[in-house]
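Asks: Could you look at this predicted model? Sequence included:
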Amino acid sequence: MKKILLLITALLSIALTADAKWWIFGKANTDVGVKYLYINGIAADETGASIKLFKETLPSGGAVKINGKAALGKGAVGSVRLTLDNKDTWTDVKFAENGTFEYTFSPEAGKVYTFFIEVTDTAGKTNNIEGTRKVIELSAENIQTKIRVALDTLFDAYNRENLQKFMAGVGENFAGDKAMLERAVKRDFDALSNIVMRYSINNVAAGAQGRVFVSVTYNRLVFVNKTGASNTDTGTTEFVFDSAEGKLSLFSMKQPLMFGLSDADNVASGVVLGGADNPLVLNDSGNLGGQLSYTSADGSFGFNIDDSAFEDCDGTAGNCSGHLVFMTGVPYMRPDDSPASALIGQIPGKNITSVTLADVQAAATQAMETPVSGMTYGLQYNAQYYAIEIVSLNGNSIALKTKTF
Amino acid sequence: MRISGKLFHTVVLTFTAAAYAQEQAPLAPASEFHASSELSVTQNDILGPGKASSSLSKGLNFLEVLNLYGNGTKGAWNYNYTVGAKATDDDRADANRVSLTNIQGRATNNTHTVSVGDVFESFSQYSLATSLKGGSYRFLKEGTKLPEVSGVFGWAYPRWDSVWKDPATRSITRQASGLRLKQTINPDLWAAGSYVAAKDTGRLTDTDALYDAKNYTFDFGYNPMPGLTMAGEHSTSDYEEATGATSAKGNATRMELVGDADPSRVSLEYENVEPDFFSALGSASPDRRKMKTKWRYKYSKRITINSGLLWYRNNLDGRKTSGTTRNWKPEISAAIKKPFASRPYSFADLSYKFDRKYGGGISGADHYTNLNYRDRFGELDSDTNLGYTLYKTKTAVRNAKEMTFNTSLNSRYQVKAIVLKPSVNLGTWYSKDELADTTDKLYEYSLGLGFEAPDANLTSDLRLGANTLRKSDAAADDSDKFFASLSAYWRPKLMAKLNDSTIFLRAGYNSYAFTTAARDFREKSVTVGLNTSF
């Protein structure tokens, strides 16, 4: 940890003390420029070439505020001008002695504004005007229409297994990390075929920071290539979109996941309240993960967590080689070992996603437990810890999820 | 509280009539009202012994989505509002027959801003990044050194039906409140502090977790020099969970440094989220330390190189007896315009990504290679993708080689006032599983024909195709799918009074056949609808 902090400190020190833009390898050399530029609070560096704004996300009075600071070598600022009509007309902008400036205008919905800014020092030297070009548009559409376009694009690309098109709809600042999502979606596409996903919007909320929240009811059919099996599920999930890059792009997703099922723990940030009972996930081998089902003839069976394998047996430790023995008729479940090294215990209030190692260590104190549908259990097996969630228990049929720590 | 279908339609008609009345009456200069409606009726037929596998709802269903929104000015205050509702009898589209999708009102005098209904004050990533049903207030006085103050109170229900405890969509009640102060210290630097509290009540089942959580967060933004931006955030969480009688404190930190000026864009990121960090209303992946660097370099006008390295690990508190899992994910790609000088529309993109994952009893090394080539041959646009992936995860988890090939050919022909857009897509996926000693092959093709008659405001798209999965494992089913779809959109001029109306038709046919005939099923779906907005 200390090494990493030292490394960050060193990087920041280099960045802050550098005289030149070290990251451009000496290819740029402009004395006069714009030190920073914000358009409605969003750094121009992060907006991309075009900026689409929505009335619902404008901070106040439907106005667009452009503010920034002129950067000069040794001289002083002579003038700051900007244009909103592709250089046809220029407007002088008031600036402070330190080079800061601010300009506000009220855009018309549907009209496109082509913006440039010109900074001139007292010696007549100007900045790279072309480098400041931004196309600003206040969308005539309401945010609900726009969010549907963004969702349609993502769902269509995922249904068609078009990775390039899908990732084009994901923002650079994706909270779960864009690189992880890209690999997870690639693995999804290798694992699944005949993907059919539909959605219906439950709730939309736009914020002044340019972000849009959307809750959807989804309906999904997939074929798993590894087994040839099909799977359907329905539930509720949530997305947040960011409008910082000229369009709405995906910022975060919650479980149950729609995309990136192969790395659910890393690409999802949070769980929807009441989202879905059995969210679809893919495991490391490209097979459906998360939930395992088994129906035994007499309610007595064993289960090996490492192999995700069930075994028919008579419920005694001697002839079950797995980690757990179930006798649903009694009912009981117990670790398949002596109590000294194998312990189990209930973890109320947690599911397989939220349970932590500390929960398991605190809970695994009993020699046996009663299997209860919806309950999560901690299991210690020698020095290894696991969590098991019984998703459903109906007679001799069981569905469960596991987690290995 | 459930709204009946009749009541919903009455509300729709009332609002629509009001909208027309407002359209025809002289409007106040600074006042606007708009409405949009999408009404569709769908008939689904599902046949075959395996019809339970279909994701469609059998029979006749309808879906109506209505949105009303407007804005105006009253004295020094600007206001806007939006209301949306959805009605359907398709359980797969919504658990409820009628539901409110959104309702929001906002008023501002450029210093004070008040919002009620759906409020989405995204303070920062770790503190508050979800919407609430409630109210918010923001104070921002431009041109002064006073801090920007935001306050929010509400409930983090996923939908409005949950607010009135509808049985089908009832969820835990998560009450939220938050306060944020943001101060611009100088033109180059701002800093903010946030406090967010969440308290859960109303357990639905005995095992539901109920949190009482608080997050204290500091975040900042800094522009030390032109093109260089820094941003960071630190959050401390403190929570109690009632059902399991647990409590914990945790921290999360992230820093980002971005240098962006032609020809390069470089970013450095660091993130550390402790295992016990919990954010009920923000976004975070607990138990992860991450370092990431990306470099985009425009080597020339034709060649851009992207490279990146992502590293992350878990088990930050060292309590996992199975050990720590570490991940290395380097990648490099090159995008080349006109790789062949004689071909002005040619474009190639070559990428290689590597995933290394080890520790915790797992050791994986996956390689992803992809080549994309786009070009235009006469009237034909082509887009071809060739990928090779090697998955190798020890021990006995995954050892597979996979290849993908996809190509699409598209064209456009104009015959008088009609535009035709034919297309062909071909694809194959091949997987060799070394562990199971099995081979899977997937072939797919589709033909498309787009039709546009701009003078008649008509567009349509016809598509049909098939895909075939062949598995060498005799215990697993082969499958065949044939599909055909038609979509057509028409904006009749007679409906110009409604400003922007579209009649649409969507029809689809899917036939699924398996080695096990008892799984076979067929789907027929026809949807007709009307989109209207004014």
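Replies: Received, thanks.

Asks: So what's the residue count around residue B:168?
Replies: A count of neighbours around residue B:168, defined by other C-beta atoms under 10 Å in any protein chain shown, yields 13. To be clear about C-beta, it is placed using only N, CA and C from the backbone, and glycine gets the same treatment.

Asks: Not counting sequence-adjacent ones, nearest residue to it?
Replies: residue B:95 (4.0 Å; C-beta to C-beta, 6 or more residues apart in numbering or on different chains).

Asks: ok, the one you found - contacts?
Replies: A:217, B:168-169 (C-beta atoms under 8 Å, 6 or more residues apart in numbering or on different chains).

Asks: Pick out whichever of these sits closest to residue B:210.
Replies: Nearest to residue B:210 among those is residue B:169, at 18.9 Å by C-beta to C-beta.

Asks: Touching, the closest one and residue B:163? I think so.
Replies: No. The pair residue B:169 and residue B:163 does not pass the contact test of C-beta atoms under 8 Å, sitting 9.7 Å apart.

Asks: Could you check which of these two has the larger neighbour count?
Replies: Each of residue B:169 and residue B:163 has its neighbours counted (other C-beta under 10 Å); residue B:169 has more, 22 against 18.

Asks: Which residue comes closest to that one once chain neighbours are left out?
Replies: Taking C-beta to C-beta, 6+ apart, and ignoring the residues beside it in sequence, residue B:169 has residue B:161 as its nearest neighbour in space, at 4.3 Å.

Asks: Any idea how far apart the tips of stretch A:292-301 sit?
Replies: Across its full length, stretch A:292-301 reaches 14 Å end to end, with C-alpha to C-alpha, to the nearest Å as the criterion.

Asks: Not counting its own residues, what contacts it?
Replies: The contact list for stretch A:292-301, computed with C-beta under 8 Å, 6+ apart, reads A:303, A:308, A:310-315, A:320, A:325-329, A:395-402.

Asks: Please identify the buried residues of that stretch?
Replies: Applying a neighbour-count criterion of 16 or more other C-beta atoms under 10 Å in any protein chain shown, one finds A:292, A:294, A:296, A:299-301 buried in stretch A:292-301.

Asks: possible to save these as TSV with pLDDT and distance to residue A:196?
Replies: Written out in TSV, the entries for the buried residues of stretch A:292-301 read as follows (pLDDT from 0 to 100; distance: C-beta to C-beta, whole Å):
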residue	pLDDT	distance to residue A:196
A:292	72	24
A:294	74	28
A:296	75	33
A:299	78	36
A:300	81	39
A:301	82	34
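
Asks: of those, closest to residue B:446?
Replies: Comparing every one of these with residue B:446 (C-beta to C-beta), the shortest separation belongs to residue A:292, at 35.2 Å.

Asks: Could you report the distance from the closest one to residue A:323?
Replies: Using C-beta to C-beta, to the nearest Å, we find residue A:292 at a distance of 13 Å from residue A:323.

Asks: picking up where we left off before, let me know the secondary structure of the residue nearest to residue B:169.
Replies: What DSSP: H, G, I helix; E, B strand; the rest coil gives for residue B:161 is helix.

Asks: just the one 5 residues further on next, same as before
Replies: Assigned with three-state DSSP, residue B:166 falls in the coil class.

Asks: picking up where we left off before, save the contacts of residue B:95 as JSON lines, and put in pLDDT and distance to residue B:182 too.
Replies: Below are the contacts of residue B:95 laid out as JSON lines (pLDDT from 0 to 100; distance: C-beta to C-beta, whole Å):
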{"residue": "A:217", "pLDDT": "90", "distance to residue B:182": "36"}
{"residue": "B:168", "pLDDT": "78", "distance to residue B:182": "40"}
{"residue": "B:169", "pLDDT": "80", "distance to residue B:182": "35"}
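
Asks: Please list all residues in contact with residue A:32.
Replies: Taking C-beta under 8 Å, 6+ apart as the definition of contact, the neighbours of residue A:32 are A:70-73, A:75, A:119-121, A:125-127.

Asks: Kindly recompute the last result at 7 Å.
Replies: Contacts for residue A:32 (C-beta atoms under 7 Å, 6 or more residues apart in numbering or on different chains) come out as A:72, A:119, A:121, A:125-127.

Asks: where's the residue nearest to residue B:168, which helix or strand?
Replies: Residue B:95 belongs to no helix or strand when elements are defined using DSSP states H and E.

Asks: center of the chain - which residue?
Replies: Since no chain was named, I'll use chain A. When chain A is reduced to its mean C-alpha position, the nearest residue by C-alpha atoms, centre = their mean turns out to be residue A:252, at 3.3 Å.

Asks: Not quite, go with chain B.
Replies: In chain B, the C-alpha nearest the mean C-alpha coordinate belongs to residue B:130, at 14.1 Å (C-alpha atoms, centre = their mean).
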